[in-house]
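Engineer: take this sequence and fold it.
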Amino acid sequence: MNDRDADKRLAATAAVQEVCDDMLVGLGTGSTAAHAIAALADRRLRIETVATSVASATMAESLGLAVRDFAEVARIDIAIDGADAIDARLHAVKGAGGAMLREKVVADAATRMIVIADGSKRATRLGGVALPVEVLPFARRYVMGQLANHFVRLVERPDYRTDNGNIVIDGHGWDDTALIALADSLVAIPGVVGHGLFLREIDAAYIADNGIVTRLERGRNPR
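Structural biologist: The predicted structure follows:
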């Protein structure tokens with residue numbers, strides 16, 4: 001049986017080798033990203049970080065990493081984060097930890113965005129996992145009605161608010177054959193402030209499966 005947590009740690013350890021002194025590093029959110037934060041702290045580099053969630057900032061600071069306010073940052077050198085599912089084209093679904101909006105902003109601000117994952121997250125199709133959508137509470141009922149056009153089943157996370165104060169609705173049973181069109185349709189709904197489809201942000205992925213780490217690279221073309 002594969003040790004998924006050990007694989008996450010291996011992928012994180014491999015990814016943070018790309019980080020050098022004097023870099024500004026984006027920290028993801030979730031159990032896999034936590035391994036990257038710990039691995040970065042272990043390297044004792046001369047770096048600064050920005051965090052995609054209060055939880056990640058708190059962990060980073062507790063391990064001695066310097067955390068800057070992303071509101072004062074325009075660009076970062078590298079971002080490292082996990083994923084709920086990722087395919088061979090480096091399209092991914094993120095957001096199980098609820099931070100997908102901040103994660104997408106930080107990923108887009110990064111010169112290089114790296115996903116780390118265990119082998120269970122590698123997918124030939126993305127539609128098998130829930131797609132999180134961050135929604136203004138004010139627009140909850142309206143947005144639910146609009147999202148019903150794209151998903152078979154919608155589940156609002158109970159008693160949950162993102163760090164932005166918004167709700168998260170997980171969409172199940174969605175068509176993953178036209179990802180760009182779906183992403184465009186979701187952001188066009190007034191009240192939707194973010195979603196978990198990452199289609200152009202990811203430059204590379206380190207995926208560990210049964211102790212073996214594989215790197216996937218989008219290529220050298222700028223995004």
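
Engineer: now Arg200: phi and psi?
Structural biologist: Dihedral pair for Arg200: phi -130, psi -10, per degrees, to the nearest 10.

Engineer: neighbours around it, how many?
Structural biologist: Neighbourhood size, Arg200 [other Cβ atoms under 10 Å]: 15. Backbone N, C-alpha and C define where each C-beta goes, glycine included.

Engineer: what do you get for Ala34?
Structural biologist: 21.

Engineer: mind listing what the residue most central in space within the chain touches?
Structural biologist: Geometric centre of the chain, nearest residue: Lys94, 4.6 Å, by Cα atoms, centre = their mean. By Cβ atoms under 8 Å, 6 or more residues apart in numbering, the residues touching Lys94 are 81-84, 100, 103-104, 132, 196, 198.

Engineer: export those to TSV and append columns for secondary structure.
Structural biologist: Formatted as TSV, the contacts of Lys94 follow (DSSP: H, G, I helix; E, B strand; the rest coil):
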residue	secondary structure
Asp81	strand
Gly82	coil
Ala83	coil
Asp84	coil
Met100	helix
Glu103	helix
Lys104	helix
Pro132	strand
Gly196	coil
Phe198	strand
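
Engineer: mind checking pLDDT for the residue nearest to the centre of the chain?
Structural biologist: pLDDT, Lys94: 98.

Engineer: distance of it from Val105?
Structural biologist: Counting by Cβ to Cβ, to the nearest Å, the gap from Lys94 to Val105 is 12 Å.

Engineer: circling back to that earlier point, ok, so of the contacts of Lys94, who is nearest Ile116?
Structural biologist: Distance ranking of the contacts of Lys94 against Ile116, using Cβ to Cβ, places Gly82 first at 5.9 Å.

Engineer: for the closest residue to Ala148 other than its chain neighbours, which residues count as its bridge partners?
Structural biologist: Nearest-residue entry for Ala148: Leu154, 6.5 Å, with adjacent residues in sequence omitted and distances by Cβ to Cβ, 6 or more residues apart in numbering. For Leu154, the beta-bridge assignment (DSSP bridges) gives partners Gly171.

Engineer: neighbours around Leu154, how many?
Structural biologist: By other Cβ under 10 Å, neighbour count at Leu154 equals 18.

Engineer: looks like it contacts Trp174 (just checking).
Structural biologist: No - using Cβ atoms under 8 Å, Leu154 makes no contact with Trp174, being 10.3 Å away.

Engineer: which residues are in contact with both of the two?
Structural biologist: Joint contacts of Leu154 and Trp174 (Cβ under 8 Å, 6+ apart) do not exist.

Engineer: sorry, back to before: which residues does the residue nearest to Ala148 contact?
Structural biologist: 144, 147-148, 169-172.
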